[in-house]
Structure formats: structure tokens, C-alpha cells
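Participant: Show me how the following folds:
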Amino acid sequence: MPRDFLKGVKQKYDVIVIGSGLAGLTSANILGRAGYDVLLLEQHYKLGGMATWFKRPKGHIFDVSLHGFPYGMMKSCRRYWCQEIADRIVPLRGVLFDNPQFTLKTTYDRESFTELLQSKFGVEAATIREFFDTARGMNFYDDQQLTTKELFERFFPGRNDITRLLMEPITYANGSTLEDPAITYGIVFSNFMSKGVYTFQGGTDLMIGLMKDELEKNGVDIRIKSPVDKISTENGRVKSVHVGDREIECRSVVSNANLLTTIFKMVGEEQFDKDFVEDAKAVRVNNSSTQVYMALGPDDHLDRDTGDLLFTSTAENFETDLLLSRDVTSRTFSVYYPDTRPHDKRQRHLIVSSTNARWEDWADLDDEAYEASKQDLIETTIDALDKYVPNARERVIFSEAATPRTFYHYTRHHHGASFGTKFEGLPVSQALPTQISGLFHAGSVGIIMSGWLGAINYGVIVSNEVDQLLMK
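Facilitator: Coordinates of the predicted model:
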């Protein structure tokens, strides 16, 4: 007899959170801690959304999502989660850039970049200061007509090499392009420049486990393998959610599902104003990605000087379109040394290669072509890795690939999006409760709300709005 994952679920809750990405988890935790009756529904059998992990035979544990985030994660986790999680946020030691225009290592902070821009790229100190101050001063209420490309041309005209240095990691981190509003670059870039790049020591499995413990301590009812089919409304207010043949009533809903899925599949466009629907239809889904997971043998070791994050490319010049091409020229290698999981006595060295990708390049391949494309992705990635890990083909004892179809399968993100929606998705997400009272969305939208830190902070913002509604 199949297991009933909703056994014991109550008939009504104050809040139902749909999806357990970092925004959904954070909203659920804050509202549970505030004393509300919270139900968290996750369609997968693991929590975390894209911030998750998987295990393979012989002790290989791979983190799926980004290896680095800004220092602000420490403050957010301390305040909205617990000290134990915050204490495990540690700095990465080195970021490598290697491409036909330059090769360099950096700690990826303002001090390091200032020195590099002066000594290696010949930029005057006053120009560098003005650029950093301009980026840092950007906020959501600024003029949003200026593009990132125009920002770079203002300070570094004709310098494609500087554009590459400043832009490539941000494009990798959240899908930002040169054509997006400059604030989507400036805010994220400045977050990293404050104190460099950080990671969670212990792996995503430990982090999500600690978050689950905190949720349960705060009384959140967590249910996995419970996909929501529909959000019902009545008289302009949220009424209930439907999971299979179950209808569960609630006073409010926080959807951590993809924004477009929430509007058009879970609620239905007939429930919204015409102008809102038009705005929602104009929202572009952000890009997806491919990843290749590789493990070295149990007695094999990498020198720490290899670096933690390696931004590599064979393209002569930087173009954001090239980062999405099936003809892969750019790869970001995340190197996981044994101290990533110090509690694991197996001392494994793991490497994850990531490339941005388009859904349409993978969506319609038949089974044979799909498997062949995945294998080609693995083989070409190992070939590219050989420059940084000599004799990589002999040393890599396990490899596996993920594609946009993989991410769609496990997360149900529209078109397998790694970073939700483009910039215009943020005001649509924020406007949901003005359309239907009690309906909120939190997740990766608008680029400045993407990545681990952006998702957590958006969960904070939305939980405060839910609290204000329920207090009335």
C-alpha cells in the first residue's frame, strides 16, 4: 500500500508554504517561530530546491547549486535561522580566471580587484573608486534604464577584458546579462565585493538538515512528496490548496514555486486582472544550466593552489550569448576539497563543472540523442579539466551530467530555470497579494533576489508581509 505523505495533516493552517527552496524554507521558519500554524509542502523527497545534494555509491556526495555566496549570508542565517548555521559560513580561499585575455587569481573582493585593475589593466585609481562607489550606491528605486553594458562603457570604454573580469562570475551566479538593468549587476556585485566569496562548511546536506531541525523546533509541519495541483480562491482571497484528492484550507499561501507556474497553473489567469496577466505573460524565464559532477579516486589529492572557483573560457572575447551556447567555450569549475565536509573521514576531492544553458537546446531531444549529448558533455568537460587537473581522464573515477531537463524533473521550475525569472518578474511577484489577498510569492526572481542570499532575504521580506496580513 503506497505511503500517505499527508497522513495527520490538519484541515486548516494559518500559512501553507509551497516549495522548500531557500526562500520557502526561510518564510516557513520565520512564521513558525512567530507562532503561526505553518504547513510546508514539497513535491520532491528532499528539501532545498536547487540548494540540495545527491549521493552516489562509494561515498560520493555532490552539492547541486552554487559553491559561493556573499558574506551577507552569515548575518541572514544568524538572524533568521540559528547561530550553528551562521558559524559554518567560511570564506573561499581563491578564485581563478583563465581565458585568452588574461589569467589571474583573486580573493574576489574590492581590495583585490582595485589592485588588479590598477596593476594588470592600467586603470586609474580615481576611476576605480568611482566605479565601485557607483555600483555600491545602486538600489531598486534608481533609474532602471541604464544597462550593465552602458555602465561598463561609462567607466571602461572599449575594455572587453575588464567587462569579462567584472561580469563573468555574476553571469554564472545568477544569469545576469549585459543587457539587463545595471542595478541587477551593481547590487549583487557589491555584495560580493564587500568581503569576498563564502561557502557553507559541511555541505548542503548538513545545512538543509540543520534547517529542517530548526523548522521542526518551531512547529512547522513538513511534508515531502506532496505536489500542489491548485490554489483555490474565494471572493478575492486565498481559500485552500489541493494536493491530489486532499483540500487543505488556509489563511495565506507563500508559493516558492516558479512565479509563472504559480500564476498560470496553480491559480489560473482568470483569477487576476487583465493588466496583471499581461505583465505576467511578459515575464521572461531566466536561463538554465548544465553541470558535470566528477570525483577523484580515494587516494588522489589536489593541491590547494588549484583554487576553489575556476572561471575558465576558450572564447577570445567575452559575450554573454557564448555562455549559453551548446558549443561550450566557458566552464566554471567548483572544487570541493575534503574540508568542505570535514566530518566525512573519506577525504574525497570532488569537482563540479557548471555552464549556463538554454532549455530549448535540450527539451526536444529524443532519448538516444539526449543520452549522447549528456555523454558528450561529460567527455568534453573532462578534456577541459585536464588543463587544471593533469591526467584528469585517468583520475576521474566517477562522472555524471545534469541538464535543464534534469533540473525541471527535480524542481519543476519552468523550463528548468536555475534562477527563476528575469528582472521584470520581481514587481509581478510583489504584486500578487494586491490581486488575491493572502497570496504571496517568494523565490528566485529579478536577479537581485536570486542566489542563496537573495532567496533567503526575499523569504524574509515576504514572511513579514504575511505576518502583517495575519495580524489584522
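
Participant: ranges for the strands of the stretch 1-150 of the chain?
Facilitator: 12-18, 38-41, 53-56, 60-63, 89-91, 95-99, 102-106 (DSSP state E, counting those that start in this stretch).

Participant: now for the fourth one, which elements pack on it?
Facilitator: Contacts defined by 3 or more CB pairs under 8 Å, 6 or more residues apart in numbering; DSSP states H and E place strand 60-63 against strand 53-56, helix 203-217, strand 288-296, strand 350-357. From N, CA and C alone the C-beta is placed, and that goes for glycine too.

Participant: go with 6 Å
Facilitator: strand 53-56 (3 or more CB pairs under 6 Å, 6 or more residues apart in numbering; DSSP states H and E).

Participant: Below-threshold pLDDT in the stretch 201-350 of the chain: ranges please.
Facilitator: Applying pLDDT under 70 to the stretch 201-350 of the chain flags no residue at all.

Participant: all helices of it, in order?
Facilitator: 203-217, 259-261, 274-281 (DSSP state H, counting those that start in this stretch).

Participant: mind putting these in a markdown table, mean neighbour count and distance to residue 415 included?
Facilitator: As requested, the helices of the stretch 201-350 of the chain are exported to a markdown table (neighbours: other CB atoms under 10 Å; distance: least, CB to CB, whole Å):
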| stretch | mean neighbour count | distance to residue 415 |
| --- | --- | --- |
| helix 203-217 | 19 | 23 |
| helix 259-261 | 21 | 9 |
| helix 274-281 | 14 | 15 |
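
Participant: Between those helices, which one is closest to residue 335.
Facilitator: Relative to residue 335, the nearest member of those by CB to CB is helix 203-217, separated by 13.9 Å.

Participant: That closest one to strand 350-357, inter-axis angle?
Facilitator: Taking axes from the mean of the first three to the mean of the last three CA atoms, to 10 degrees, one finds helix 203-217 and strand 350-357 inclined to each other by 80 degrees.

Participant: Name the surrounding residues that touch helix 203-217.
Facilitator: With contact meaning CB atoms under 6 Å, 6 or more residues apart in numbering, helix 203-217 is reached by 25, 29, 47-48, 51-53, 63, 81-82, 85, 200, 341.

Participant: Pop the domain breakdown of this protein in here.
Facilitator: Domain assignment for the chain by automatic domain parsing gives 12-51+206-284+413-471, 95-195.

Participant: The ones you listed: which one's closest to residue 326?
Facilitator: Nearest of those (CB to CB): domain 12-51+206-284+413-471, 14.7 Å.

Participant: so how far does the closest one reach from one end to the other?
Facilitator: The straight-line separation of the ends of domain 12-51+206-284+413-471 (CA to CA, to the nearest Å) is 17 Å.

Participant: quick one: it to chain centroid distance?
Facilitator: 16 Å (CA atoms, centre = their mean, to the nearest Å).

Participant: do stretch 64-80 as well
Facilitator: 11 Å.

Participant: if I pick residue 226, what's in contact with it?
Facilitator: 5, 41, 243.

Participant: any idea where the helices of the stretch 51-200 of the chain begin and end?
Facilitator: Using DSSP H, counting those that start in this stretch, helices in the stretch 51-200 of the chain cover 72-80, 83-87, 110-119, 125-136, 148-155, 160-174, 182-195.

Participant: Need those in JSON lines (columns: mean neighbour count, mean pLDDT and distance to residue 310).
Facilitator: Shown next, in JSON lines, are the helices of the stretch 51-200 of the chain (neighbours: other CB atoms under 10 Å; pLDDT from 0 to 100; distance: least, CB to CB, whole Å):
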{"stretch": "helix 72-80", "mean neighbour count": "19", "mean pLDDT": "96", "distance to residue 310": "22"}
{"stretch": "helix 83-87", "mean neighbour count": "15", "mean pLDDT": "97", "distance to residue 310": "27"}
{"stretch": "helix 110-119", "mean neighbour count": "16", "mean pLDDT": "96", "distance to residue 310": "16"}
{"stretch": "helix 125-136", "mean neighbour count": "15", "mean pLDDT": "96", "distance to residue 310": "24"}
{"stretch": "helix 148-155", "mean neighbour count": "18", "mean pLDDT": "95", "distance to residue 310": "23"}
{"stretch": "helix 160-174", "mean neighbour count": "22", "mean pLDDT": "89", "distance to residue 310": "11"}
{"stretch": "helix 182-195", "mean neighbour count": "22", "mean pLDDT": "89", "distance to residue 310": "16"}
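
Participant: now these in a markdown table, with distance to residue 409?
Facilitator: Shown next, in a markdown table, are the helices of the stretch 51-200 of the chain (distance: least, CB to CB, whole Å):
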| stretch | distance to residue 409 |
| --- | --- |
| helix 72-80 | 28 |
| helix 83-87 | 28 |
| helix 110-119 | 38 |
| helix 125-136 | 37 |
| helix 148-155 | 32 |
| helix 160-174 | 22 |
| helix 182-195 | 28 |
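
Participant: longest helix anywhere in the chain?
Facilitator: Under DSSP state H, the helix in the chain containing the largest number of residues is helix 451-471.

Participant: Give me the contact list for that helix.
Facilitator: With CB under 6 Å, 6+ apart as the criterion, helix 451-471 contacts 14, 22-23, 26-27, 30-31, 69-70, 72-73, 76, 80, 173-174, 252, 254, 440, 442, 444, 449.

Participant: What residues of it count as buried?
Facilitator: Of the residues in helix 451-471, 451-460, 462-463, 465-467, 469 count as buried by neighbour count, 16 or more other CB atoms under 10 Å.

Participant: Lowest-confidence one in the residues you listed?
Facilitator: Looking at these by pLDDT, the weakest one is residue 451, with 85.

Participant: contacting residues for residue 411?
Facilitator: Per CB under 6 Å, 6+ apart, neighbours of residue 411: residue 49.

Participant: Over to the one 3 residues further on?
Facilitator: Counting by CB under 6 Å, 6+ apart, residue 414 touches 258, 260, 261, 285.

Participant: What's opposite residue 440 in the beta bridge?
Facilitator: residue 254 (DSSP bridges).

Participant: Pretty sure it sits against residue 254.
Facilitator: Yes: using CB atoms under 6 Å, residue 440 is in contact with residue 254, at 4.8 Å.

Participant: which of the two has more neighbours?
Facilitator: The neighbour comparison of residue 440 against residue 254 (other CB atoms under 10 Å) goes to residue 254, with 29 against 25.

Participant: so that one touches residue 18, yeah?
Facilitator: No: here residue 254 lies out of contact with residue 18, judged by CB under 6 Å, at a distance of 7.1 Å.

Participant: before we move on, back to that, of the buried residues of helix 451-471, which is the nearest to residue 351?
Facilitator: Using CB to CB, the buried residues of helix 451-471 come closest to residue 351 at residue 452, 20.2 Å.

Participant: can you pull out the strands in the stretch 251-400 of the chain?
Facilitator: Under DSSP E, counting those that start in this stretch, the stretch 251-400 of the chain gives strands at 288-296, 309-313, 330-336, 350-357, 396-402.

Participant: Tabulate those strands in JSON lines, adding columns for mean neighbour count.
Facilitator: Listed next are the strands of the stretch 251-400 of the chain as JSON lines, based on neighbours: other CB atoms under 10 Å:
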{"stretch": "strand 288-296", "mean neighbour count": "24"}
{"stretch": "strand 309-313", "mean neighbour count": "22"}
{"stretch": "strand 330-336", "mean neighbour count": "23"}
{"stretch": "strand 350-357", "mean neighbour count": "23"}
{"stretch": "strand 396-402", "mean neighbour count": "18"}
